[in-house]
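Participant: Sequence plus the predicted model coming up.
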Amino acid sequence: MFLSLVALVVATMSYAQNTLVATLTHEGNMSVYYGENAFVQAHAAAENGDLITLSSGVFKCESITKAVTIKGAGMETDAEKGIVRTELIGSQFFKISSPSDTEHILDVEGVFFGGTSYVPYDCTLINANFTKCGFCGSETYKWQLRDVTFTQCMITKFNHYRGNPLFINCYVAISQWDSAASATFINCYVSYPVGVGYTTAGYGSHYLQNTYSPQNSVFQNCILGATFGFPLPTTNVANNCICFYHRSDYGGTQSLFNGLNSSANNVSLGKHENASGVFLREVNPNQYYPVMFANDLILTDEIRGNYLGDDGTEVGVYGGMYPYDPVPSAPRITKCEVAKRPTADGKLSVNIEVTTPEQ
């Protein structure tokens, strides 16, 4: 069932062909922007605490620097269901940060952050929540995260620089990890290392462990998949987790959990090349994007039935309190049809289609 909103707005002929729409709500008043620059315009006009709602489609985005709420139509595209994601494409040095001198937080849901450069790049983010968002196609770089939570997100190239973010029911593919960084993972699938450009030639296990592996972190009810079977650094803690590795060359045939302190109820599955036998679909660890959609993370019946978290649900993204679901919780703008010509009195007919979560 769809909610159809028909609005008559004053507009110029230049907006007649645009189908992208962003709305800005400030103190109960709504402004509407159209076209690929709609988000840039809404963000420029926004104040901390405001709400920006985006339709499906690809929007340009120079940066996000305000503590606003951003609601997109979702991070996944499903051609069969006619669903098109909301995507923000930034510049080469796209920043996601927020001011620390405000009571508001940056709260983003249902947005895919795309592009091929660093997103975000060399910035600090304090007090933020990302829910059902995708960071796929770009690598985070020197992104300092303080009091930041990711829930039901997909992150394909996570270069962790500083801070202690919380990940809940997320897929996180680690590209690099700074020794001063830490994190907490609950019901996640954590993959490392990833990237076509990485090679083990001439590198020892210490390099593999401490350059690409997570450090100083806590894993609860998680699945860990590593390219090689070298143990995690001993600064980590894992409980009720399972692990596997893709390859056994270079001497890497050990459990990832070997030597961890204060850890319990962990199981090593050994070698499962391309995650065969762990997930229903095989996962190639040598691709930049080994996982793009959560359908790739559905466990086999054997794994799902035999390995449970401390809450009695399956380990990984489909267990726990927030089983993975890419559909945003709020109503989303899925279509915006704009009349080709305004009426004689200068008004333009706009048909906005809004889908509610249960649809």
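Facilitator: On my side now, so go ahead.
Participant: any idea how far Ile89 lies from Ile83?
Facilitator: According to Cβ to Cβ, to the nearest Å, Ile89 and Ile83 sit 19 Å apart. For glycine as for every other residue, the C-beta is placed from the backbone atoms N, C-alpha and C.
Participant: Compare neighbour counts for those two and give me the winner.
Facilitator: Taking other Cβ atoms under 10 Å, Ile89 and Ile83 do not tie; Ile89 has more neighbours (20 against 17).
Participant: pretty sure the more buried one is in a strand, no?
Facilitator: Yes: the assignment for Ile89 is a strand, going by DSSP: H, G, I helix; E, B strand; the rest coil.
Participant: who are the neighbours in contact with it?
Facilitator: Applying Cβ atoms under 8 Å, 6 or more residues apart in numbering to Ile89 gives the contacts Val58, Phe59, Lys60, Cys61, Gly114, Gly115.
Participant: Keep only those of those residues that are in strands.
Facilitator: Members of the contacts of Ile89 lying in strands (criterion: DSSP state E): Val58, Phe59, Lys60, Cys61, Gly114.
Participant: Tell me who's in contact with the fourth one.
Facilitator: When contacts are counted by Cβ under 8 Å, 6+ apart, Cys61 is found next to Phe39, Val40, His43, Leu88, Ile89, Gly90, Phe94.
Participant: Identify, from those residues, the entry nearest to Tyr161.
Facilitator: Phe94 (15.4 Å; Cβ to Cβ).
Participant: Distance check, that closest one against Phe150.
Facilitator: Phe94 is 17 Å from Phe150, where distance means Cβ to Cβ.
Participant: Repeat that for Val327.
Facilitator: According to Cβ to Cβ, Val327 stands 17 Å off from Phe150.
Participant: same question, Asn261
Facilitator: Remark: distance between Asn261 and Phe150 (Cβ to Cβ) = 26 Å.
Participant: Between these two, which has more neighbouring residues?
Facilitator: Shown here are Asn261 and Phe150; by other Cβ under 10 Å, Phe150 has more neighbours (27 against 8).
Participant: The nearest residue to Ser276 once chain neighbours are set aside: neighbouring residues, count only.
Facilitator: Distance criterion Cβ to Cβ, 6 or more residues apart in numbering; nearest residue to Ser276, sequence neighbours excluded, is Glu282 at 5.4 Å. The number of residues packed near Glu282 is 14, by other Cβ under 10 Å.
Participant: let's have the chain start at 34 instead
Facilitator: Sure thing, new numbering starts at 34, so read that last one as Glu315.
Participant: Let's verify Glu315: helix, strand, or coil?
Facilitator: Following three-state DSSP, we place Glu315 in the coil state.
Participant: So it is in contact with Ala308, correct?
Facilitator: Yes: with contacts counted by Cβ atoms under 8 Å, Glu315 reaches Ala308, the gap being 6.0 Å.
Participant: For the residue nearest to Ser309, which residues are in contact?
Facilitator: Shown in contact with Glu315 (Cβ under 8 Å, 6+ apart): Asn307, Ala308, Ser309.
Participant: Let's see the pLDDT reported for it.
Facilitator: On the pLDDT scale, Glu315 is placed at 76.
Participant: Check the gap between it and Gly123 for me.
Facilitator: Counting by Cβ to Cβ, the gap from Glu315 to Gly123 is 32 Å.
Participant: shaky segments in this structure?
Facilitator: Flagging of the chain using pLDDT under 70 yields the residue ranges 34-51, 124-126, 148-154, 170-174, 226-244, 282-285, 317-328, 363-375, 379-392.
Participant: re earlier: now distance to Ile138 too, for the contacts of Cys94, in CSV please.
Facilitator: Formatted as CSV, the contacts of Cys94 follow (distance: Cβ to Cβ, whole Å):
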residue, distance to Ile138
Phe72, 19
Val73, 21
His76, 16
Leu121, 18
Ile122, 24
Gly123, 21
Phe127, 20
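Participant: and those residues, which two are the farthest apart?
Facilitator: His76 and Ile122 (13.9 Å).
Participant: and Pro84, how many neighbours?
Facilitator: Just to correct that, residue 84 is Leu rather than Pro. A count of nearby residues for Leu84, using other Cβ under 10 Å, gives 17.
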